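Asks: got a sequence here, can you build the structure:
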Amino acid sequence: MRIVHLFVICALVFAAAYVYRIKMESTVRTERVLRLRADIREQREAIASLRAEWAKLETPTRLQDLATRYLSLKPIETTQYDKLKNLPPRPPNFIKPDDPDPIGSMIDTTDADNDRANVTGSVTSPEDRR
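Replies: Numbers count the residues shown, from 1 in each chain. The predicted structure is shown next:
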């Protein structure tokens, strides 16, 4: 009977040590999660302050003040625009309306060459089956 009691006591000590180890691991992980949440909160606050600073820097009035201060730009006047009748003539069309598209035909021939190059000796191409 004493051996059974000794075995039960050892099992209880082992179980208590195992439960204590599990509790400590969970405590360490909980602390790590809390630290990560605090870091995430700090990063979000930093992002928010940077976005606020960016919004302040890109306000139109500030940009306009900087442009007038540092650039020698003048506003566009209506006399700077030209009339449509003064446009140069349209360039000549070298391709006749009934001719096929030269670029499209080049792409088609390139695609056909690539399709033939990708066929292995063991597989016949759909063109060869016909």
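Asks: mean confidence score for the helix or strand containing Phe7?
Replies: Applying DSSP states H and E as the criterion places Phe7 in helix 2-57. On average, the pLDDT along helix 2-57 is 95.
Asks: likewise stretch 87-100?
Replies: On average, stretch 87-100 scores 78.
Asks: and the helix holding Phe7, what does it pack onto?
Replies: Counting contacts by 3 or more CB pairs under 8 Å, 6 or more residues apart in numbering; DSSP states H and E, there are no secondary-structure elements packed against helix 2-57. C-beta coordinates here come from the backbone N, C-alpha and C atoms, glycine included.
Asks: off-centre distance for it?
Replies: For helix 2-57, the separation from the chain centroid amounts to 32 Å (computed by CA atoms, centre = their mean, to the nearest Å).
Asks: any idea of the angle the following helix or strand past that helix forms with helix 2-57?
Replies: Scanning forward in sequence from helix 2-57 by DSSP H and E, the next helix or strand is helix 60-70. Helix 60-70 and helix 2-57 are oriented at 50 degrees to each other (axes from the mean of the first three to the mean of the last three CA atoms, to 10 degrees).
Asks: would you mind pulling the contact partners of helix 60-70?
Replies: 56, 73 (CB atoms under 8 Å, 6 or more residues apart in numbering).
Asks: could I get that helix in CSV with only the CA atoms?
Replies: The C-alpha trace of helix 60-70 is given here as CSV (Å, rounded to 0.1, in the frame of the first residue of the first chain):
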residue,chain,number,x,y,z
PRO,A,60,-3.5,74.1,-51.0
THR,A,61,-3.0,77.4,-49.3
ARG,A,62,0.4,76.4,-48.0
LEU,A,63,1.5,75.0,-51.3
GLN,A,64,0.3,78.2,-53.1
ASP,A,65,2.3,80.4,-50.7
LEU,A,66,5.4,78.3,-51.3
ALA,A,67,4.9,78.4,-55.0
THR,A,68,4.5,82.2,-55.1
ARG,A,69,7.5,82.6,-52.7
TYR,A,70,10.0,80.3,-54.4
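Asks: stretch 82-97: how far from the chain's middle?
Replies: Here stretch 82-97 is found 42 Å from its chain centre; the criterion is CA atoms, centre = their mean.
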